[in-house]
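J.: could you look at this predicted model? Sequence included:
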Amino acid sequence: MRRKFVAGNWKMYKTPSEAETLAGDLKSAIGALNGAEMVVCPPYTALDRVNRVIQGSNIRLGAQDLHWEDQGAYTGKISHDMLKDVGVSHVIIGHSEQRTYFHETNETVNKKTVKALSSGLTPIVCVGETLDEREAGRMHDVVQSHVRGGYAGISKADALKTIIAYEPVWAIGTGKTATPEQAQEVHAFIRGLLKEMYDAEVAESLRILYGGSVKPDNAGELFSQPDIDGGLIGGAALKAPDFKAIVEAAS
Ligand code: 13P
């Protein structure tokens, strides 16, 4: 039985002070729940303060990216040690916004995933097609290249420590959710791929999250699909009552 998992991706929202307030609200609302695993991913500048607030609760801390080098002259980047030092346990890798705006490729996703794993961070590896790709009938090819590329050279033991997030780009921030059937179809496809790449154990144990306009009113139906193990939540993660409702839908 895969435990459900709900992560909030705060993207480039919330100053450290605002993040502290939201984290406090979340701690009161959901901090003691222990159904689904819960992670919040604030911007880097808020990680330390959010970490202090969520101490003693069941909410864990995630980052939105990391660099694959340990340290060095990489202006603007952040390393695994820097993240772990402020209490980070999870890291989003390969988000479509990174792929679209910041030159993220399957190769960089792979390097980051390898680094996260070797440093003990849990990678949440994002995959998903654009609307053009879906309409051109290339959805399966794209998702397949994201999964195969992201996991290149990663052992079974390491793969078992990862989480995948399927986020169709056309559903992100658009209010256009994939239907539960559309999402389920791709999740099942990803599980089939994992079986080919590894084996049935990996295919059956990996959590595959859905992301893209998950809201309190559609979360329950999405999370009840057999291959959807929770969500990666954008906009609705910025409102404590909405995130609470989504976590409850997963519990
Ligand atoms: P929205 O929930 O705002 O569509 O964002 C989804 C997302 O990109 C999470 O990583």
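T.: Sure thing, it's come through. Predicted model only: the values in this text are computed from it and were never measured. Numbering: from 1, shown residues only.
J.: got the buried residues for the helix or strand of the chain at the bottom of the mean pLDDT ranking?
T.: Using mean pLDDT, DSSP states H and E, the weakest-scoring helix or strand in the chain turns out to be helix 131-135, at a mean of 93. Buried residues in helix 131-135, counted by 16 or more other Cβ atoms under 10 Å: 133, 134. For every residue, glycine as well, the C-beta is placed using N, CA and C.
J.: repeat for stretch 91-98
T.: 91, 92, 93, 94, 95, 96, 97, 98.
J.: out of those, which touch the ligand?
T.: residue 95 (Cβ under 6 Å from any ligand atom).
J.: okay if I get the buried residues of stretch 91-98 as a markdown table plus secondary structure?
T.: Below are these laid out as a markdown table (DSSP: H, G, I helix; E, B strand; the rest coil):
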| residue | secondary structure |
| --- | --- |
| 91 | strand |
| 92 | strand |
| 93 | strand |
| 94 | coil |
| 95 | coil |
| 96 | helix |
| 97 | helix |
| 98 | helix |
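J.: out of the buried residues of stretch 91-98, which is nearest to residue 41?
T.: Within those, proximity to residue 41 (Cβ to Cβ) peaks at residue 92, which comes in at 5.8 Å.
J.: hang on, the earlier thing: got the buried residues for the helix or strand just after the least confident helix or strand of the chain?
T.: For helix 131-135, the following helix or strand on the C-terminal side (DSSP states H and E) is helix 139-150. Burial within helix 139-150, assessed by neighbour count using 16+ other Cβ under 10 Å, is assigned to 139, 140, 142, 143, 144, 146, 147, 149, 150.
J.: between those, which is nearest the ligand?
T.: Set against the ligand, the nearest of the buried residues of helix 139-150 by Cβ to the nearest ligand atom is residue 146 (14.4 Å).
J.: so what pLDDT did the closest one get?
T.: Predicted confidence (pLDDT) for residue 146: 98.
J.: any idea how far residue 244 is from it?
T.: 31 Å (Cβ to Cβ, to the nearest Å).
J.: cool, residue 118 as well?
T.: For residue 118 relative to residue 244 (Cβ to Cβ), the value is 35 Å.
J.: and those two? Which one has more around it.
T.: Shown here are residue 118 and residue 244; by other Cβ atoms under 10 Å, residue 244 has more neighbours (18 against 12).
J.: which residues touch that one?
T.: 26, 29, 30 (Cβ atoms under 8 Å, 6 or more residues apart in numbering).
J.: possible to save those residues as a markdown table with secondary structure, pLDDT and neighbour count?
T.: Formatted as a markdown table, those follow (DSSP: H, G, I helix; E, B strand; the rest coil; pLDDT from 0 to 100; neighbours: other Cβ atoms under 10 Å):
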| residue | secondary structure | pLDDT | neighbour count |
| --- | --- | --- | --- |
| 26 | helix | 98 | 24 |
| 29 | helix | 98 | 17 |
| 30 | helix | 98 | 25 |
